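Student: sequence and predicted model, in that order:
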Amino acid sequence: GAVVSQHPSWVICKSGTSVKIECRSLDFQATTMFWYRQFPKQSLMLMATSNEGSKATYEQGVEKDKFLINHASLTLSTLTVTSAHPEDSSFYICSARRYGRSSYNEQFFGPGTRLTVL
Amino acid sequence: GESVGLHLPTLSVQEGDNSIINCAYSNSASDYFIWYKQESGKGPQFIIDIRSNMDKRQGQRVTVLLNKTVKHLSLQIAATQPGDSAVYFCAENYGGSQGNLIFGKGTKLSVKP
């Protein structure tokens, strides 16, 4: 159990277009989902925390108007990269925290989405 | 902002040897620690975790050691196999059950057959 999927697994787009990435918890409900970005040979950097039914909390330096997050249900969060530019090319990974379980911050990670902006 | 041009530390071991990957964490108040394995082009895969009230935890072929005095975490892999080749990240949880995970820089493990 505790499977998280992401769609698409990779996407190539032109500069200036917007791209939507979906994160789904397949067999559990997630009140909180997290979005991370990972550049080559670097670690995961938290971009934002997404809570179901409320506004996302963005980390310092992450533009909320550029990276739109919607967490409309307990199993789905979306990240939209608006007006993408080549510097937004990265590996985007989501994770989900299982609702009502564990007193610790147990997160389950998706497989990631490779975004390439031309 | 992100740092650029970093090179991951690399640990190269012979198949069958034991591997030890080290990690220094940031916050004395962190209460939960996790080791993840990440293969190229994939998301992090949970390996083992440890809570701050413990100093050692064992899994199958893996052991995590926690030294809170010096804020140090290590992952020991016994009888390392080629399939263990990957990048390994430690993560610390800061802020309790509603907190955030802070990831370490990562170590690339290469296993020579």
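Tutor: Done, it's in.
Student: middle-most residue in chain A, spatially?
Tutor: With distances taken as Cα atoms, centre = their mean, A:W35 lies nearest the centre of chain A, 3.3 Å away.
Student: excluding its backbone neighbours, what's nearest it?
Tutor: Sequence neighbours aside, A:M47 is the residue nearest to A:W35 in space, at 4.7 Å (criterion: Cβ to Cβ, 6 or more residues apart in numbering or on different chains). (Each C-beta comes from the backbone N, C-alpha and C, glycine too.)
Student: export the lengthiest strand in chain B to PDB, keeping only CA atoms.
Tutor: Ranked by residue count, the top strand of chain B under DSSP state E comes out as strand B:86-94. Extracted C-alpha coordinates of strand B:86-94, given in PDB (Å, rounded to 0.1, in the frame of the first residue of the first chain):
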ATOM      1  CA  ALA B  86      22.200   4.500  -6.400                       C
ATOM      2  CA  VAL B  87      22.200   7.900  -4.700                       C
ATOM      3  CA  TYR B  88      21.400   7.700  -1.000                       C
ATOM      4  CA  PHE B  89      19.800  10.600   0.900                       C
ATOM      5  CA  CYS B  90      19.200  11.100   4.500                       C
ATOM      6  CA  ALA B  91      16.300  13.300   5.600                       C
ATOM      7  CA  GLU B  92      15.500  14.800   8.900                       C
ATOM      8  CA  ASN B  93      12.000  15.700  10.000                       C
ATOM      9  CA  TYR B  94      11.700  19.100  11.700                       C
END
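Student: so how far is the next helix or strand after it from its chain's centroid?
Tutor: Note on strand B:86-94: by DSSP states H and E, the next helix or strand toward the C-terminus is strand B:100-103. The chain centre lies 12 Å from the centre of strand B:100-103; the measure is Cα atoms, centre = their mean, to the nearest Å.
Student: with stretch B:96-113 instead?
Tutor: On Cα atoms, centre = their mean, the centre of stretch B:96-113 falls 4 Å from the chain's centre.
Student: just to check, A:N70 is in contact with A:G53?
Tutor: No - taking contacts as Cβ atoms under 8 Å, A:N70 lies outside contact range of A:G53: 10.4 Å.
Student: okay, those two: which has more neighbours?
Tutor: Neighbour tally, A:N70 and A:G53, criterion other Cβ atoms under 10 Å in any protein chain shown: the higher count belongs to A:N70, 15 against 9.
Student: who are the contact partners of the more buried one?
Tutor: Counting by Cβ atoms under 8 Å, 6 or more residues apart in numbering or on different chains, A:N70 makes contact with A:S50, A:S77, A:T78, A:T80.
Student: flag every residue of chain B that's near chain A.
Tutor: B:1-4, B:6-8, B:31-32, B:36, B:41-46, B:49, B:51, B:89, B:93, B:95-106 (Cβ under 8 Å from any Cβ of the partner chain).
Student: and these, which are buried?
Tutor: Neighbour counting by 16 or more other Cβ atoms under 10 Å in any protein chain shown classes B:8, B:31-32, B:36, B:42-44, B:49, B:89, B:93, B:99-106 among these as buried.
Student: what sits against the closest residue in space to A:L26 that isn't next to it in sequence?
Tutor: Nearest in space to A:L26, with sequence neighbours left out and distances taken as Cβ to Cβ, 6+ apart, is A:V3 at 4.4 Å. Contact analysis of A:V3 by Cβ under 8 Å, 6+ apart lists A:S25, A:L26, A:D27, A:F108.
Student: the second one: neighbouring residues, count only.
Tutor: Okay, so that is A:L26. 12.
Student: same question, the last one
Tutor: One way to gauge burial is a neighbour count; for A:F108, by other Cβ under 10 Å, it gives 22.
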